[in-house]
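predicted model and sequence follow; I will ask about them next.
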Amino acid sequence: MKQSELFTKTLREAPKDEEAINAKLLIRSGFIFKEMAGVYSFLPLGLRVLNKIENIIREEMNKIGGTEMRTSVLQNKNVWEKSNRWNDAVVDAWFKTKLKTGADIGLSFTNEEAYSNILKQYVSSYKDLPIYPYDFKNIFRNEARSKSGILRGREFYWKALYSFSRDEAEHEKFYEKAKAAYRNIFKRAGIGHLTYMTFASGGSFSKFSHEFQTITPAGEDTIYLDESSKIAVNKEVYTDEVIAELKLKKNDMIEKRAIEVGNVFSLGTKFSAPFDLRYRNEKGEEKDVIMGSYGIGVSRLMGTIVEVYHDERGIVWPESVAPYRFHLIELKSGMGKDLYRRLRAKSNEVLYDDREISAGEKFADADLIGIPYRLVVSEKTGGKIEVKKRNAKGSKLVSYATISKLL
RNA sequence: CGGGCUGUAGUAUACCGGUAGUACGCAUGCAUGGGGUGCAUGUAGACCGGGUUCGAUUCCCGGCAGCCCGACCA
């Protein structure tokens, strides 16, 4: 894309009402726009990043048998009454509103009931299971206090997968596969080395759930990490008993701040029971469906990546999620036109700074936006192209052939 | 939800009970052309409502909005 056609502009200074690094940088660089506290719109550059992350997650979910669908945002009260989660005393995060008929409806704050209700219609035999539907959607939570930019919003974008299995053994098998898929996702998103599987409270059907916690000072959660085994324990379940059970040693555990970027949870029959979600096995016996949930905050993951990857000049996107792979900068009007045309013919991964502004301003913007490869053409570069990686100090002059290999 | 703080151009800020100033941005022109370049001219502002006062952006009250700390985060 030509930068002259991008309506967003960079800001020299962050708005005074933002404290979080992710929000400051993403707003200054024109990736997001703040609508209100805890609510952000994703601008063209921001949407490209969100889409890249989404595609990584989608690929990994499909690999383990996930089938993508889309549940509605408007939710029927009757469905949620079955699990008693319409009740304000149980769930106070709902955004509720009314139809013109006067009927109460809610905006999705999670998906268990919606999926259970849908699958009730389609699941009745052991032959129908297991199934692993998932969706990406905007989720609404009426947080008492939103904070930390896109790390904890009132409206956010997430992926949720639910597993529907025939028995505990089948459930466990998938649960392990899902954990492995999650590790791949965070690795591919560039934060694998900082993201630890963390034992957290499990509710009534399993002792633990598993969170994926990314170590950063911006984190809201406190975890205790054993670096040798790469296992962490959330503060909420960090007791002597649990430490012993997990065969950890208290002296090895280091307290860290972390962001929960994903979690996997065994639900047992918590939702299948109230929805009468059962099936007949080979012997004609009626059995409960065993469920699990697997969530990732996609927009939160984007914010986490910024918290991890930035420097004093701006964002430093990992290649896998960067809005574009190349930032082509011409220092004299029209000089980059041919190169842009050639690259563009092969790839959509080029942002071309064709604006008529000073070199310094272009470089400053490029650093702020954080695209991995900066390509400069000018009178100095002759027929060659100067390549500089965003996180590198030096640059080098290369030919077009070298660039095209990077595509 | 409890506590604290704050609302001034698009952004960041200053001053003031008596015509609101600066920087960036934006527009125009000239110069410049490898790290937010220089000069000139122009553009644009007191969250909303009420009160006190001769006069309120400034003081008071209410509302709305934002940030921070705590609680919460299924």
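On my side now, so go ahead.

I'd say residue A:153 and residue A:40 touch.
Yes - Residue A:153 is within contact range of residue A:40, at 6.5 Å (criterion: C-beta atoms under 8 Å). Where you see a C-beta, it was placed from the backbone N, CA and C, and this is true even at glycine.

which neighbours do those two share?
residue A:299 (C-beta atoms under 8 Å, 6 or more residues apart in numbering).

what helix or strand is whichever residue of the stretch 301-407 of chain A sits closest to RNA strand B on?
Nearest to RNA strand B in the stretch 301-407 of chain A, going by C-beta to the nearest atom of the strand, is residue A:360, at a distance of 2.5 Å. Using DSSP states H and E, residue A:360 maps to helix A:359-369.

check residue A:212 too.
Going by DSSP H and E, residue A:212 is in strand A:208-215.

show me what that strand is in contact with.
Contacts for strand A:208-215 (C-beta under 8 Å, 6+ apart): A:179, A:182-183, A:186, A:191, A:194-203, A:219, A:221, A:223, A:225, A:232, A:234, A:237, A:256-266, A:304, A:308.

which stretches in the stretch 51-200 of chain A count as helices?
A:77-81, A:112-120, A:168-188 (DSSP state H, counting those that start in this stretch).

can you give me the domain boundaries for chain A?
A:8-311, A:324-406 (automatic domain parsing).

from the chain's centroid, how far away is the last one?
Taking C-alpha atoms, centre = their mean, to the nearest Å, the mean C-alpha location of domain A:324-406 is offset from the chain mean by 29 Å.

avg pLDDT for that domain?
When pLDDT is averaged over domain A:324-406, the result is 95.

now do the end-to-end distance for that domain.
13 Å (C-alpha to C-alpha, to the nearest Å).

the longest one too?
Taking C-alpha to C-alpha, the first and last residues of domain A:8-311 lie 21 Å apart.

coming back round to it: out of the helices of the stretch 51-200 of chain A, flag the one nearest RNA strand B.
helix A:112-120 (7.6 Å).

show residues contacting that closest one.
A:71-72, A:75, A:79-80, A:82-83, A:85, A:108, A:131, A:133, A:162, A:164, A:267, A:270-272, A:274-277, A:289, A:291, A:293.

now stretch A:271-291
Contacts of stretch A:271-291 (C-beta under 8 Å, 6+ apart): A:82-84, A:112-113, A:116-117, A:119-120, A:123-126, A:128-129, A:162-168, A:170-171, A:267-270.

in this structure residue A:199 contacts residue A:233, no?
Yes - the criterion here is C-beta under 8 Å, and residue A:199 meets it with residue A:233 at 4.9 Å.
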